[in-house]
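Q: sharing a model that was predicted from the sequence below.
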Amino acid sequence: MAEDIRLMKGNEAIAEAAIRAGCRAYFGYPITPQNELTAYMARHMLDRKRTFIQAESEVSAINMVYGAAAAGARSMTSSSSPGVSLKQEGISYICGADLPAVIVNVARSGPGLGGISPGQADYFQSTRGGGHGDYYHFVLAPKSVQEAADLTYEAFDLSDEWRIPAMILADGLIGQMMEGVVLPAERELSKLPKRPYAVGDQAKQGRPINHVSSINLVPLELEASVRARFERYAKIKETLVRYEETQVEDADLVLVAYGTSARVSLGALQEARKAGLKVGLFRPITLWPFPEKRLAELAGKGKRFLAVEMSMGQMVEDVRLAVNGKAPVEFYGRCGGVIPTEDEVLAAARKILGK
Amino acid sequence: MELAYGHPKSLKPIQTKYCPGCGHGVIHRVIAEVIDELGLQGSSIITNPVGCSIWADLYFDFDSVQPAHGRTPAAATGIKRVLPDHLVICYQGDGDLAAIGTAEIIHAANRGEKFTTIFVNNAIYGMTGGQMAPTTLVGQHATTAPYGRDPVEAGMGYPIRVLEMLATLGGTKYLARGSVNNAANIRKTKQYIKKAFEAQMRGEGFTMVEILSPCPTNWSMGAGESVEWLEKNMIPFYALGEVKNTLEEAAK
């Protein structure tokens, strides 16, 4: 049987993938450029008699996610940059209470209200634990509608397995453009992973009572729980790093880019190769955990790097940390919602290579 | 022989950390008694707020979730939507509910979320040490209203009557105000809570019981004096009784 390929916007594909992953509760608030996602969830979650709420704010939406996750449901919220800033408080609590959740950021350009055009300036906020306290969470960066659907679907499993929220960091271009997508199979709700730490059905399960909380006023105990979380982070860094390499082996210059800027960089690479320039592309798929070991290896092989971003340079700091002075790392970026062109990236590569 | 009166099963047999004369302990007990009477201990969930009653989960012997300051109604919304057959209690103080969480409580109420809010109004911030609350009375002293709450010159605004404000919303079905200043009012408060819990379990809509409660520590009074102050100052402004009752049972 031929594959069922559907033509969908990225926002809609993320929504449909979430439903198929077993998302039982979705909470959103209108913000451009992710509105199709909320509208799709409204129609299709309500059709399935699952929970959909248009919340009064992004702050409320993430706290509804907190409650639904504590009650054992796969739950999700989506927004765009200014709205995700508002969610950071809730994300910190979700991390502090060790709950799974999926957060989608269809990023735009900032700071402040900024613009509604695609941006990658939320990298720091996403990968550094954007709220208060010591924590990290998964950050997955799709480059296409297909990958947006696949990573969203997987985000629910990763989050459940590790009791750490997973963020999909897309941007307005990924969210708004239409591409062919093969959607993952629908999960049966009854077969999703159990959450023995969740509240509800205490008598039915005959277990001791559960408290979902992030508070602990005893410094040594709180330190121990933060350290235990960091041990999980260390295991994740060992096993779950993901990236894609294109013509990196023989490259003199490796472009490093994720999401939309990786699409542009791939075009620049193809042009460069036509011109006989040995350019490769390294595309991090997990922004946290960041593929630092592999970048260090490549630096050890004498590669040079050019980070390409739709920001004034955020991921480039992780590239520099990974490379740790062993190789030169240059940067090319546009911001304010401007998407760099292939020609611009190629020109930046030529300048570095002196060709 | 059946035991007619004893320590409620839904409340752990331990001493609370609350200050002498604080109302939280009595309120906890009354809630636990109602839960026992309704046989809901094994399917109750409390969301305890940021404030003194963040400790509620130490005392109630059933599941709990502790959300961020003011976000209690949003978290309770998420829980109740996922577990509609459970008794979900959204326990909040005046700072949590009427200041930082104003948006959350208004919209949860307006959506007719089917949980019960227990709103403990002591007209002051307790845990942080006696700052002015939205429900602080005009002229009442607080660390951040050292000369008394002055709504005009200092622009400190007026005390908010939350139930009367929420009564205009279509989603609210039962709103009542009780007090823990004496045994008669405690009994009435218990009746309000029972009505609200029963309505919740019938799935009727948003229910809330506000409870006037003394805070001797932050009012800088003795326990006895604080009860007198509550009676003299709070009850005249925050009238006791059912502010709204459109429950199906009431319509019969």
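A: Nice, I can see it.
Q: how about the closest residue to chain A within chain B, nearest residue that isn't a chain neighbour?
A: Nearest to chain A, among the residues of chain B, is residue B:42, at 2.2 Å (Cβ to the nearest Cβ). C-beta coordinates here come from the backbone N, C-alpha and C atoms, glycine included. In space, and not counting its chain neighbours, residue B:42 is closest to residue A:203: 2.2 Å by Cβ to Cβ, 6 or more residues apart in numbering or on different chains.
Q: and residue B:30, by the same measure?
A: residue B:190 (4.7 Å).
Q: just to be sure, the one you found is in a helix?
A: Yes - the assignment for residue B:190 (DSSP: H, G, I helix; E, B strand; the rest coil) places it in a helix.
Q: just to revisit the earlier point, run through the residues that contact the residue nearest to residue B:42.
A: B:41, B:42, B:43 (Cβ atoms under 8 Å, 6 or more residues apart in numbering or on different chains).
Q: these two touch, right, the second one and residue A:202?
A: This points to residue B:42. Yes - using Cβ atoms under 8 Å, residue B:42 makes contact with residue A:202 at a distance of 5.2 Å.
Q: okay, now whatever residue of the stretch 1-150 of chain A ends up closest to chain B: neighbour count?
A: Relative to chain B, the nearest point of the stretch 1-150 of chain A is residue A:67 (2.6 Å; Cβ to the nearest Cβ). Residue A:67 is flanked by 35 other residues according to other Cβ atoms under 10 Å in any protein chain shown.
Q: and if you look at the one 4 residues further on?
A: For residue A:71, the count of nearby residues is 29 (other Cβ under 10 Å).
Q: with residue B:99 instead?
A: 18.
Q: repeat that for residue B:28.
A: 25.
Q: same check, this time on residue A:216
A: 14.
Q: likewise for residue B:95?
A: The local packing of residue B:95 (other Cβ under 10 Å) involves 25 other residues.
Q: rewinding a little: with just CA atoms, put the helix or strand encompassing the residue nearest to residue B:42 into PDB.
A: Element membership for residue A:203, per DSSP states H and E: helix A:202-205. Extracted in PDB, the C-alpha atoms of helix A:202-205 (Å, rounded to 0.1, in the frame of the first residue of the first chain):
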ATOM      1  CA  GLN A 202      -5.600   6.600  44.800                       C
ATOM      2  CA  ALA A 203      -8.200   4.300  46.400                       C
ATOM      3  CA  LYS A 204      -8.600   2.300  43.200                       C
ATOM      4  CA  GLN A 205      -4.900   1.800  42.900                       C
END
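Q: what residues sit buried inside it?
A: residue A:202 (16 or more other Cβ atoms under 10 Å in any protein chain shown).
Q: for stretch A:126-138, which positions count as buried?
A: In stretch A:126-138, counting by 16+ other Cβ under 10 Å, buried: A:126, A:127, A:129, A:130, A:131, A:135, A:136, A:137, A:138.
Q: chain center to that stretch: distance?
A: 12 Å (Cα atoms, centre = their mean, to the nearest Å).
Q: what pLDDT, on average, does that stretch get?
A: In this model, stretch A:126-138 carries a mean pLDDT of 97.
Q: and it, end to end?
A: From its first residue to its last, stretch A:126-138 covers 9 Å (Cα to Cα, to the nearest Å).
Q: which bits of the stretch 1-150 of chain A sit near chain B?
A: A:24-25, A:27, A:51, A:53, A:55-57, A:59-61, A:63-73, A:75, A:89-90, A:93, A:97 (Cβ under 8 Å from any Cβ of the partner chain).
Q: now do the contacts for the residue nearest to residue A:35 when sequence neighbours are not counted.
A: Leaving out its chain neighbours, the residue that sits closest to residue A:35 by Cβ to Cβ, 6+ apart is residue A:11, at 7.5 Å. Taking Cβ under 8 Å, 6+ apart, we find residue A:11 in contact with A:33, A:34, A:35, A:36, A:37, A:40, A:106, A:175, A:176.
Q: cutoff 10 Å now
A: Contacts were defined as Cβ atoms under 10 Å, 6 or more residues apart in numbering or on different chains; by that measure residue A:11 touches A:33-41, A:78, A:104, A:106, A:145, A:148, A:170, A:172, A:174-177.
Q: for it, give its distance to residue A:78.
A: 8 Å (Cβ to Cβ, to the nearest Å).
Q: overlap in contacts, the two.
A: Residues touching both residue A:11 and residue A:78 (Cβ under 10 Å, 6+ apart) are A:34, A:35, A:37, A:38, A:41, A:104, A:106, A:170, A:175.
Q: can you pick out the most distant pair from those residues?
A: The distance between the two most remote of those (Cβ to Cβ) is 15.5 Å, for A:41 and A:170.
Q: in the stretch 201-350 of chain A, which spans are helices?
A: A:202-205, A:219-239, A:259-274, A:292-300, A:315-323, A:342-353 (DSSP state H, counting those that start in this stretch).
Q: convert the fifth one to PDB, retaining C-alpha atoms only.
A: Yep, that's helix A:315-323 we're talking about. The C-alpha trace of helix A:315-323 is given here as PDB (Å, rounded to 0.1, in the frame of the first residue of the first chain):
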ATOM      1  CA  MET A 315      23.900  28.700  19.200                       C
ATOM      2  CA  VAL A 316      27.300  29.800  18.100                       C
ATOM      3  CA  GLU A 317      28.200  30.000  21.800                       C
ATOM      4  CA  ASP A 318      27.500  26.300  22.200                       C
ATOM      5  CA  VAL A 319      29.600  25.600  19.100                       C
ATOM      6  CA  ARG A 320      32.500  27.600  20.600                       C
ATOM      7  CA  LEU A 321      32.100  25.800  24.000                       C
ATOM      8  CA  ALA A 322      32.100  22.400  22.200                       C
ATOM      9  CA  VAL A 323      35.100  23.300  20.000                       C
END
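Q: thank you kindly, that will do.
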